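K.L.:
Sequence first, then the predicted structure, then my questions.
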Amino acid sequence: MADTERVPGTPHEIALLAGGPRAAVTVAVVALHLRGAVEAGARATVVAVDSEAGRALPPLPPPEEVLALEDDIPAELRVPYLESAVYRRLHEPCDVREVLRDPDVRWAVTTLRIGLADTDMVSPPALGTTRAARRHVHALRTAHPLPASRAGLSDEAKLLAVALHGEAALRLVAPRFAARAGLTGRVHRRRTRALRRWSPGSGAGGGDTGRLYCGGGWEGGGGG
């Protein structure tokens, strides 16, 4: 993989462009895991760990200031605020879907979008991803294909791989954690059940209806 220092945008921002809020939150979860701040919980959940990495995360602004500060968050705090909001929600075990419903997490994702508003990657007022964003993500996937191995990859390179390549990268960079935390396997299980229902000559296909990931990245990328 090419030098990640030359990649425009953080892995969290790239994931937001490539796969929407769920992808950005997944990158945040993996980032926290790589620093020892979260671990897999029971029944496909994630839970926070009392650790130095977790305690180092910045406190979120007070609730009465949250909305007023959306446009004024310094660029260097947008990703830490997202990770902090995710970490706070994970003090009780939950899955990524529950994390996404947390008001603080939703606010932090919005601030990440606002941080991209000065580019042509999102368009106001809804801050939806643009055609330029899709071209940007495609160019990044071409320049940074899925690594053959996680050996020698920096944490930043692992996060970039997850941002660009979804489940395929999760299976590569953190396979045990991703499986136990419920971040992978959903599409595979659906495909297996469909194939079991299919029999030769039945005329029925074993189509995959899962919409979590796809092999070339986040399926349905850029969605809100």
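P.N.:
Yep, that arrived. All values reported here derive from a predicted model rather than from experimental measurement.
K.L.:
tell me the SS of residue 82?
P.N.:
On the three-state scheme (DSSP: H, G, I helix; E, B strand; the rest coil), residue 82 is labelled helix.
K.L.:
For it, which non-adjacent residue is closest in space?
P.N.:
Take residue 82 and drop its neighbours on the chain: the residue closest to it by C-beta to C-beta, 6 or more residues apart in numbering is residue 108, 4.1 Å away. For glycine as for every other residue, the C-beta is placed from the backbone atoms N, C-alpha and C.
K.L.:
so what's the one you found up against?
P.N.:
The neighbourhood of residue 108, defined by C-beta atoms under 8 Å, 6 or more residues apart in numbering, consists of 60, 78, 81-82, 84-86.
K.L.:
the strands in the protein, which residues?
P.N.:
Using DSSP state E, the strands of the chain run over residues 38-40, 46-48, 122-123, 128-129.
K.L.:
quick one: contacts of the third one?
P.N.:
Going back to what we said before, that points to strand 122-123. Applying C-beta under 8 Å, 6+ apart, the contact partners of strand 122-123 are 17, 113, 116, 128-130, 133.
K.L.:
Mind checking which of the residues you listed land in helices?
P.N.:
Residues from the contacts of strand 122-123 lying in helices, with DSSP state H as the criterion: 17, 113, 133.
K.L.:
Which residues lie in contact with the second one in this structure?
P.N.:
Meaning residue 113. The neighbourhood of residue 113, defined by C-beta under 8 Å, 6+ apart, consists of 16, 122, 127.
K.L.:
my guess is the last one meets residue 112, correct?
P.N.:
I take that to be residue 127. No - here residue 127 lies out of contact with residue 112, judged by C-beta atoms under 8 Å, at a distance of 9.7 Å.
K.L.:
neighbour count winner among these two?
P.N.:
Just comparing residue 127 and residue 112: by other C-beta atoms under 10 Å the higher neighbour count belongs to residue 112, 24 against 17.
K.L.:
Am I right that that one is in contact with residue 14?
P.N.:
No - under the criterion of C-beta under 8 Å, residue 112 is not in contact with residue 14, lying 10.8 Å apart.
K.L.:
Please name the nearest non-neighbouring residue to residue 98.
P.N.:
Beyond its immediate neighbours in the sequence, the residue positioned closest to residue 98 (C-beta to C-beta, 6+ apart) is residue 89, lying 7.6 Å away.
K.L.:
Next up, the contacts around the one you found.
P.N.:
98-99, 102, 104-105.
K.L.:
now with 6 Å?
P.N.:
Remark: with contacts taken as C-beta atoms under 6 Å, 6 or more residues apart in numbering, residue 89 is in contact with 99, 102, 105.
K.L.:
Would you check how far apart the second one and residue 164 are?
P.N.:
Just to be clear, that refers to residue 102. In this structure, residue 102 lies at 25 Å from residue 164, with C-beta to C-beta, to the nearest Å as the measure.
K.L.:
Neighbour count: the two, which is higher?
P.N.:
Ranked by neighbour count (other C-beta under 10 Å), residue 102 and residue 164 place residue 164 first, with 30 against 17.
K.L.:
for this structure, which spans come out with low pLDDT?
P.N.:
Judged by pLDDT under 70, the chain has its weakly predicted residues at 1-8, 66-70, 186-216, 219-224.
K.L.:
Going along the chain, name the helices of it.
P.N.:
Secondary structure of the chain (DSSP H): helices located at 11-19, 21-34, 52-55, 63-69, 75-89, 96-101, 103-115, 131-143, 155-173, 175-180, 186-197.
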